[in-house]
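Engineer: this one's sequence-less:
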């Protein structure tokens, strides 16, 4: 009786372990992710552009789900709520897989329903694309929408040779 009570849990454990160790099915997709090292490179590229233009800013980098990976507020950034704005722009860009300004343009073009999306519809964020898929976004809050976009575009462009096709 004692042998039977020990063997049953061992057999169950063997079956579960082997099932978990089985190779993944071929239909399971793998995707590129935006890691901290790449986010740091984006941050540095954004800061270089902002410093060159004398546009201190807040910078937010998010993953493809819009969750923050890295945020920074440069010395002298003019907008106190800049981090919240930059994060909101980046989240919008990541979730909609397009520049955040596209939603602002939709509203200005008469697509009032876009207001109900609950996201930040202001220029200043760009998606980060790898292998044709959005893996995150960078959002900027400096002094003007044009400068915000310029900084975000420059950061993504600086990264492009490393991660984008």
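Structural biologist: Structure's in. What do you need? In this text, all values refer to a predicted model and were calculated from it rather than measured experimentally.
Engineer: would you mark the buried spots in stretch 74-93?
Structural biologist: 74, 77, 79, 82-83, 85-93 (16 or more other C-beta atoms under 10 Å). Bear in mind the C-beta positions are built from the backbone N, C-alpha and C, glycine included.
Engineer: what's the offset of that stretch from the middle of its chain?
Structural biologist: In this view, stretch 74-93 has its centroid 14 Å away from the chain centroid, taken as C-alpha atoms, centre = their mean, to the nearest Å.
Engineer: what's the end-to-end length of it?
Structural biologist: Start to finish, the residues bounding stretch 74-93 are 22 Å apart (C-alpha to C-alpha, to the nearest Å).
Engineer: where does residue 154 sit: helix, strand or coil?
Structural biologist: Of the three states, residue 154 takes helix according to DSSP: H, G, I helix; E, B strand; the rest coil.
Engineer: which residue comes closest to it once chain neighbours are left out?
Structural biologist: Take residue 154 and drop its neighbours on the chain: the residue closest to it by C-beta to C-beta, 6 or more residues apart in numbering is residue 49, 4.0 Å away.
Engineer: what comes up buried for the helix or strand encompassing the one you found?
Structural biologist: Residue 49 belongs to helix 36-53 when assigned by DSSP states H and E. Neighbour counts using 16+ other C-beta under 10 Å place 38-39, 41-43, 45-47, 49-50 of helix 36-53 among the buried residues.
Engineer: that older thread, in TSV, list the buried residues of stretch 74-93 along with distance to residue 150, secondary structure and pLDDT.
Structural biologist: Formatted as TSV, the buried residues of stretch 74-93 follow (distance: C-beta to C-beta, whole Å; DSSP: H, G, I helix; E, B strand; the rest coil; pLDDT from 0 to 100):
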residue	distance to residue 150	secondary structure	pLDDT
74	15	coil	97
77	16	coil	95
79	16	coil	87
82	16	helix	93
83	19	helix	94
85	16	helix	94
86	14	helix	96
87	19	helix	95
88	19	helix	93
89	14	helix	94
90	16	helix	96
91	20	helix	94
92	18	helix	92
93	15	helix	93
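Engineer: quick one: buried residues of the longest strand seen in the chain?
Structural biologist: Ranked by residue count and defined by DSSP state E, the top strand of the chain is strand 133-141. The neighbour-count check on strand 133-141 (16+ other C-beta under 10 Å) flags 134-141 as buried.
Engineer: average model confidence for that strand?
Structural biologist: What strand 133-141 shows for mean pLDDT is 96.
Engineer: again with stretch 57-72
Structural biologist: 97.
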